[in-house]
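Visitor: structure here, sequence nowhere to be found:
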């Protein structure tokens, strides 16, 4: 199972998102700190969840970090987050 798959499973189970996008941007960081052969080190995540309603940006990010603690400790070097409540989300 890839890191992307693990992140998808954990975020889906923990936050029941209405929208979830996980993009591996590792190729953009080749040669930079934290990059490793094979990628799976730098990610961009957009997640929309009712559980974010009424929470600050920091609280939302802490919720995501808690769910992905193993991945952050093991393989993920950088995680760019966009965390939205349904009322803040405009479907593209």
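Guide: Good, I have the coordinates. Everything numeric here is computed off the predicted structure, so don't read it as measured data.
Visitor: quick one: contacts of the lengthiest helix in the chain?
Guide: Identified as the longest helix of the chain according to DSSP state H is helix 3-15. With Cβ atoms under 8 Å, 6 or more residues apart in numbering as the test, helix 3-15 has contacts from 17, 20, 22, 24, 40, 43, 45, 47, 49, 51-52, 63-64, 67-68, 70-71, 75-76. C-beta here means a position set from N, CA and C on the backbone, and glycine is covered the same way.
Visitor: list the buried residues of it.
Guide: 3-4, 6-8, 10-11, 15 (16 or more other Cβ atoms under 10 Å).
Visitor: and stretch 54-67, how far from the chain's centre?
Guide: 11 Å (Cα atoms, centre = their mean, to the nearest Å).
Visitor: mind checking the pLDDT average for that stretch?
Guide: Taken as a whole, stretch 54-67 has a mean pLDDT of 98.
Visitor: now residue 50: closest residue in space, sequence neighbours ignored.
Guide: Closest residue to residue 50 in three dimensions, ignoring its sequence neighbours and counting by Cβ to Cβ, 6 or more residues apart in numbering: residue 86, at 5.9 Å.
Visitor: distance check, the one you found against residue 72.
Guide: Relative to residue 72, residue 86 is positioned 26 Å away (Cβ to Cβ, to the nearest Å).
Visitor: same question, residue 42
Guide: Counting by Cβ to Cβ, the gap from residue 42 to residue 72 is 12 Å.
Visitor: and these two? Which one has more around it.
Guide: residue 42 (22 against 16; other Cβ atoms under 10 Å).
Visitor: where along this protein do the strands fall?
Guide: For the chain, the strands defined by DSSP state E occupy 19-24, 42-48, 78-84.
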